[in-house]
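# output the structure for:
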Amino acid sequence: MSVRSEPAVDAGGGPPTGRLHVAVGTAPLDVAFHESVVADAAAGAVVSFQGVVRDHDHGRSVLRLEYEGHPSAADVLREVAAEIAADPDVHAVAVSHRLGPLEIGDVALVAAVSTAHRAAAFAACARLVDEVKARLPVWKRQLFADGTEEWVNCP
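Residues are numbered from 1 along each chain as shown. Model (predicted):
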């Protein structure tokens, strides 16, 4: 069950503009693109985060992951991003989550935030990532080297 199969674009349907860019899709994610989306002449700080598929989890060797998302994932991601963007210190927010099969080293989540000062940018980006992890209806299937698998954050 995937939310989108086309390249990640603004959840509103057009190119990213202004204070907010949100995408859920199968296309590879690019942190530099997200940083460019939040660039602002008034911003003295741009903080970005990329969640990368690692080769282990709790002492077990991971071969690859698969992400599946609920059809509401883009709407939930937009809500979370809008909450962060509503902070008066925040100039712009860009966040995307990838779905489908991912290999070790692939980027699964990118978040970028711009503010006037670094402390506010770090805090806003951390809040954004924490809220996405807590609220986004996307589930991870981990495939282990021993042939077993595990669903994470799956109801």
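
# skipping its backbone neighbours, what lies nearest the residue nearest the centre of the chain in space?
The residue lying closest to the centre of the chain (CA atoms, centre = their mean) is Leu109, at 3.2 Å. Closest residue to Leu109 apart from its sequence neighbours, by CB to CB, 6 or more residues apart in numbering: Gly51 at 3.6 Å. Using the backbone N, CA and C atoms, a C-beta is placed for each residue, glycine as well.

# tell me the pLDDT at that neighbour?
Here the pLDDT value assigned to Gly51 is 98.

# repeat that for Pro7.
Reading off the confidence values, Pro7 has pLDDT 34.

# what residues does the one helix or strand in the chain whose mean pLDDT sits lowest touch?
Using mean pLDDT, DSSP states H and E, the weakest-scoring helix or strand in the chain turns out to be strand 149-152, at a mean of 94. Contact partners of strand 149-152, identified using CB atoms under 8 Å, 6 or more residues apart in numbering, comprise Trp139, Lys140, Arg141, Gln142, Leu143, Phe144.

# neighbouring strands of it in the sheet, and parallel or not?
Using DSSP bridges, the strands paired with strand 149-152 are strand 138-144 (antiparallel).

# could you list the alpha-carbon positions for the strand it pairs with in PDB?
Extracted in PDB, the C-alpha atoms of strand 138-144 (Å, rounded to 0.1, in the frame of the first residue of the first chain):
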ATOM      1  CA  VAL A 138       4.400   4.800   7.600                       C
ATOM      2  CA  TRP A 139       5.500   1.300   8.500                       C
ATOM      3  CA  LYS A 140       8.900  -0.300   8.200                       C
ATOM      4  CA  ARG A 141       9.600  -3.900   7.300                       C
ATOM      5  CA  GLN A 142      13.100  -4.900   8.200                       C
ATOM      6  CA  LEU A 143      14.700  -7.900   6.400                       C
ATOM      7  CA  PHE A 144      17.500  -9.500   8.400                       C
END
